[in-house]
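> return atomic coordinates for the entry below.
(3 chains)
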Amino acid sequence: MGTKLVIDPVTRIEGHLRIEVEIENGKVKNAWSSGTMFRGFEIFLKDRDPRDAWYITQRVCGVCTTLHALTSVIAVENAVGIETPDNARLIRNLILGAQYLHDHIVHFYHLHALDWVDVVSALRADPKKTADLAYAINPHAARSGAGDFKAVQDKVKAFVNSGQLGPFDNAYWGHPAYKLPAEVNLLAVSHYLDALVLQAKAARLHAILGGKNPHPQSYVVGGMTCVQDLNPDRLAEFIFILKDVVDFANNVYIPDVMAVAPFYKEWAGIGAGLGNYLAYGMMPEDTSYDPKNLYFPRGIVMNRDLGKVVPLDVAKITENVAHSFYEGDGSLHPSQGETKPYYTGIDTGGKYSWLKSPRYDEKAMEVGPLSRMLVGYASGQKDIQAAVNDALKKLGLPATILFSTLGRTAARALETKVVAGKMDHWIAQLLENIKSGNMATWTKFTMPDSAQGFGMSEAPRGALGHWVDIKGGRIHNYQLVVPTTWNGSPRDKSGQRGAFEEALIGTPVADPKRPLEILRTIHSFDPCLACSVHVIDPKTNEVYETKVV
Amino acid sequence: MTILLEMIKTKSATVRILHWIIFFSTVDLVITGLYIGDPVLMAGVGEPYQTFVMAKTRLLHFTGAVCLDVAFLIRLYLAFFSTFHRDWKEVIPTPDNVRGAWDTMKYYWTFKGQLKEHRWVDPLDGLTFLALHFILAMQLFTGFALYVSGIELASGMIGLWAATLHAFTDWTGWLFGGLPGVRVVHHLTMWIVVSGAFLHIYMQVWKTIKLKRADISAIISGYKLMAVKKGE
Amino acid sequence: MSSSPSDSPSDKKLKLLSEINRRDFMSLCTQVAVALGMANTMVPKIAEAIEKAARRPSVVWLHFQECTGDAEAFLRSTSPSVAELVLDILSIDYHETIMAASGEQAEQILQKTIKENKGKYLVVCEGAIPMGTPPGPGGKKGAYLTIGNRTGLELAEEVCSGAMAVISLGNCASYGGVQAQKPNPTGAMGVGKALGIKTVNIPGCPHNPVNSVATIVNFLLLGTLPATDRYGRPLFAFEKRIHDQCTRRAHFDAGQFVTEFGSEEAKKGFCLYKMGCKGPQTYHNCNIIRYNDHTGWPIGAGHGCVGCSEPNFWDSMSPFYARLEGVEVPFGGVESTADKIGMALTGAAAAGAAVHAAYTFGKKKAHKENIIDTESGEDK
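Below you'll find the predicted structure:
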């Protein structure tokens, strides 16, 4: 029996997460991941107007803010049988793309970077050397003169001297697992502050086409409402803000990841996890939303076999509650899942999470940027292959390094590059439509009395699916199977660990009192707990009922 | 015994005028209110001043509301202080009035027993009158709660007016769950007024035809027929 | 920064704000003055007051049942930027989304902050507090949310009891928000109601960072929280109705309405009243300050207001795409719209009258003989 360690709350994530690990000989031997909040979305979605569902489900998460809205309108449109106009698809892709650019940058700098970057060490850096380093990494980055770094260093010094360390207090500074030279640390701290300013600007992309961010408000079942914004001044604003954001991604964010990675090469062998990667795919290239025409492909990579993509069969998704705070312990299909909360308190031998355990064909899956990149790579998606091959060549590492904590973080950066490269294409298509007089953004429809539908997309954190069952023109049953439920799930009945838990196994922990290494791996998944906790109504969902059992 | 019918004055001119003000305001309020609730007629393209459909409809609605409310308050005053006839005792649910209303109702459906003749008001009509005015009072409060939501608490007369209205109507928001609830109640109550008015008109026409006492005449001329016992 | 906070010179006073770019700083002061309805001449005074505050006020930011949308919204603040808020204006000592420390270290900071600054720290709450008791052997009040092995309620009680002031950001912390809508499975409620304390509520879904920053600065400047309405909302932001300052108001008065999204009327920016816009029932300043550095707002994006700054808007303002004609009212177990109920009522009255008329006029008997005189003569 090793040392037990509990991290609660895990910070720099969305939501409320508790991690418990057992450490033996300086390595994690066993791990338990618990979601500690329950809200009951499926319960209050019942009997609501299906047209309102997107607005309600959007409040599942304010970080991946636009994804639930998008997935919900796709699900209801699928149920009603509407094909939305091309402009609606393009606006949705642009909003989604903007979300990726924003979210990945914020995740890397503000949620993840402090796991790798020692802020205190930055105080010892030489600003001139830092400027030289910045130039060597990427000569195109702005605000990278010696004076700029000196100003940042002075500012941080003044902050430290004030004695009020605010959010940087009592952290893991000086921890032996920090490996970066002082100059790289200063570079990263400087970019941490730049990214804080940049992300507010990036969010304006949503405000142009969606009125606001977080929680843009231009979605409707049938299309988008922002027809007035399809005019030159708004689109010009969009294009030029986007240009700045893409500049930052290409000239600051991605080079930073590439600069930091070589110092942490051992993390290419840590945190591998399950090895099964699931992606629903996203960003449709035509209005049919056909899975074959998604820019990011749909599919599964099993057992790290990049030679083969297993096609996704929706019916094989099941959810288990053996270790979740719900009644029962059976390996039930979502359609028959238990509804009733049954709280036991956290008991790692028994029930220990509000999350359920989704499984695909009885197997635990990892979702997220790494899954999308791997499925895209294995599917032969040209842009993804080019980005991955290019990065691996630069680092001089084999593709197998992707199956790791570092791989997850790198995949996120590469994905940002791929999305950034595609935005212009959609803007051009949108302009082409406007030029030809096609301004349609909405399709008229009548809400059927009874219908079933589902929508699938990808949150920055991974595969997201919504299922809706409409009866009497109202929501009869609504289900969400969301990314962090896959990644952060507790064990299932067979004892199979979830992705977080599996990835933690073997992680070295130098100082159990300051478990920095554990946070690295957990943060590499970009957990989003608010999304993940939900229950399924026992009234069977017919979508499933016909296919499974 | 012979029964002689005589024209007797039962309604003062003021009461009659007030009645018709309330009638026409209600018609105005129902029509304009339905439009405000669901504006079916729409203006085409053009500058707002060229149509102002909604603004004018709302003006008519507020004007009607003020007429109704003022008439309502004067009528309330007259119930207690009229120099012609103070009728407050006839419209409150005293045991006698309730029994009388019940008898009348029974008679209307069975025609058994005898219908008592009243110079002023039949207890059933009296209680209905009271109920209708409670409903109108509800419209007054909910209507002003909606109306004042657009008036800021500025200084001067407008501020005083807004403060007064807030003081008298804010409880509706609390009771009905905010302005959306107040709006639904305001709308539902309108339908109660409409169906109540319908029944009222029907009963007056029915009485005029069946009882031959010229009941409707009273609200126009002030006089109706009444039995006078003579020559016993 | 050292791993042990005690060896930092905590009493050292620094004029931190000189670090901020002067122009940005004056822009902040101007924006604050505008938001608080102060005259331009106040701007230098505001600047002076902020600069005087050498020690940044300690802020404890608590997350309950939420989506982190309000923390994200706060990050979108542009004047001042969140970098300035974090480094120069506030001392955000506990904030789960941005703080470097986790687990036990985070818990230590929280304890240190509330003990060392007792009665002097600000609490900013995000998310509702579940008051329900989940079924099961471990069930206790509030166990739908646990942080550091304590319920959200216990944490809130401990932290808020020593606070100088509690500010609730967003509709969840203010009034319970999304999870409190019918049937409210977790018994969620706003922080003020859950703890029985007075909070300043800055609702919205999420709230607008201009309003939260203005409230905090108001507090730093004047030492008091801004005047609020009966729902605890600062008057400077929530005194006016969206409808009355709406950019589309002229179209409402003209009777020019959008009836279909994406239509010609929508392109012309007509009024969204018929699309279910709840602007006439909603008090908020988003039409004036807009979101994300004045870039947009929902009605500007062609979508009706849903009333996200109003208590319980999830139930009272829904369905979001209908106004009265689509609002269902509970009526004797059957849900129906006000118009359907009203028409049924009028129909019933008409049917009753018709039956009665048929019955009585079908009878030959004259009724006047049945009338007895009970009141005659003059009025007393």
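> tally of neighbours for whichever residue of the stretch 1-150 of chain C sits closest to chain A?
Here the residue of the stretch 1-150 of chain C nearest chain A is C:G69; by Cβ to the nearest Cβ that distance is 2.4 Å. Any C-beta I mention is one placed from the backbone N, CA and C, and that applies to glycine too. Here the number of neighbours of C:G69 (other Cβ atoms under 10 Å in any protein chain shown) works out to 31.
> how about B:W20, nearest residue that isn't a chain neighbour?
B:I219 (7.8 Å; Cβ to Cβ, 6 or more residues apart in numbering or on different chains).
> quick one: secondary structure of the closest residue to chain C within chain B?
Using Cβ to the nearest Cβ, the closest approach of chain B to chain C is made by B:W191 at 2.4 Å. Secondary structure state of B:W191, per DSSP: H, G, I helix; E, B strand; the rest coil, is helix.
> also A:A142?
Secondary structure, three-state DSSP: A:A142 is coil.
> residue contacts, it?
A:247, A:251 (Cβ atoms under 8 Å, 6 or more residues apart in numbering or on different chains).
> going along the chain, name the helices of chain B.
Ranges of helices in chain B, per DSSP state H, are B:13-37, B:48-51, B:53-81, B:88-91, B:95-110, B:123-148, B:156-176, B:178-211, B:215-220.
> show me what the third one packs onto, helices and strands only.
Read that as helix B:53-81. helix B:13-37, helix B:88-91, helix B:123-148, helix C:249-254 (3 or more Cβ pairs under 8 Å, 6 or more residues apart in numbering or on different chains; DSSP states H and E).
> again, 10 Å this time
With contacts defined as 3 or more Cβ pairs under 10 Å, 6 or more residues apart in numbering or on different chains; DSSP states H and E, helix B:53-81 has these neighbours: helix B:13-37, helix B:48-51, helix B:88-91, helix B:123-148, helix C:249-254.
> now the helices for the stretch 401-549 of chain A?
Per DSSP state H, counting those that start in this stretch, the stretch 401-549 of chain A carries helices over the ranges A:405-435, A:483-488, A:499-504, A:516-524, A:529-532, A:542-547.
> for the closest residue to chain B within the stretch 1-150 of chain A, grab phi and psi.
In the stretch 1-150 of chain A, no residue comes nearer to chain B than A:D52, which is 14.4 Å away by Cβ to the nearest Cβ. The phi/psi pair for A:D52 (degrees, to the nearest 10) reads phi -90, psi -10.
> now do the contacts for it.
By Cβ atoms under 10 Å, 6 or more residues apart in numbering or on different chains, the contact set of A:D52 is A:45, A:72, A:76, A:221, A:475, C:276, C:306, C:314, C:317-322.
> so which bits of stretch A:483-495 are buried?
Neighbour counts over stretch A:483-495 (16 or more other Cβ atoms under 10 Å in any protein chain shown) mark A:483-493 as buried.
> find the nearest non-adjacent residue to the residue most central in space within chain A, please.
Nearest residue to the geometric centre of chain A (Cα atoms, centre = their mean): A:R461, 1.6 Å. Of all residues not flanking A:R461 in the chain, A:P483 sits nearest, at 4.1 Å (Cβ to Cβ, 6+ apart).
> now do A:A146
Nearest non-adjacent residue to A:A146 (Cβ to Cβ, 6+ apart): A:A131, at 4.1 Å.
> how about A:N477?
In space, A:N477 is closest to A:D469, 4.1 Å off (Cβ to Cβ, 6+ apart).
> phi, psi of C:Q108?
Here is the backbone geometry of C:Q108 (degrees, to the nearest 10): phi -60, psi -40.
> doesn't C:A101 make contact with it?
Yes. If you go by Cβ atoms under 10 Å, C:Q108 and C:A101 touch, sitting 7.8 Å apart.
> quickly list what's touching both of the two.
Both C:Q108 and C:A101 are contacted by A:169-170, under the criterion Cβ under 10 Å, 6+ apart.
> between the two, tell me which one has more neighbours.
C:A101 (27 against 14).
> so the more buried one, which of the three states?
coil.
> contacts only, for it.
Applying Cβ under 10 Å, 6+ apart to C:A101 gives the contacts A:11-12, A:114, A:165, A:167-173, A:514, A:519, C:3, C:94, C:107-110.
> in strands, which of the residues you listed appear?
C:Y94 (DSSP state E).
> pLDDT weak spots in chain B?
By pLDDT under 70, the low-scoring segments of chain B are B:1-3, B:152-157, B:229-232.
> which residues does whichever residue of chain A sits closest to chain C contact?
As assessed by Cβ to the nearest Cβ, chain C sits closest to A:G62 within chain A, at 2.4 Å. Neighbour list for A:G62: A:14, A:68, A:213-215, A:528, A:530, C:66-73, C:126, C:170, C:205-206 [criterion: Cβ under 10 Å, 6+ apart].
> one more time with 7 Å, if that's ok
A:214-215, C:67-69, C:72, C:206 (Cβ atoms under 7 Å, 6 or more residues apart in numbering or on different chains).
> dihedrals phi and psi, it?
phi -100, psi 0.
> isn't A:G328 up against A:N320?
No. Assessed by Cβ atoms under 7 Å, A:G328 is found out of contact with A:N320, at 9.5 Å.
> where's the closest residue to A:A420 other than its chain neighbours, which helix or strand?
Nearest non-adjacent residue to A:A420, counting by Cβ to Cβ, 6+ apart: A:V246, 4.4 Å away. Assigned by DSSP states H and E, A:V246 belongs to helix A:232-248.
> helix or strand next in line after whichever strand or helix holds A:A188, which one?
A:A188 belongs to helix A:182-210 when assigned by DSSP H and E. Next helix or strand after helix A:182-210 toward the C-terminus (DSSP H and E): strand A:219-220.
> for that next one, name the packing helices and strands.
On a contact count with 3 or more Cβ pairs under 7 Å, 6 or more residues apart in numbering or on different chains; DSSP states H and E, strand A:219-220 meets helix A:67-80.
> tell me which helix or strand comes right after the helix it packs on.
helix A:86-106.
> need the phi and psi values for residue 354.
No chain in the question, so chain A it is. The phi/psi pair for A:W354 (degrees, to the nearest 10) is phi -80, psi -10.
> nope, chain C
phi -60, psi -40.
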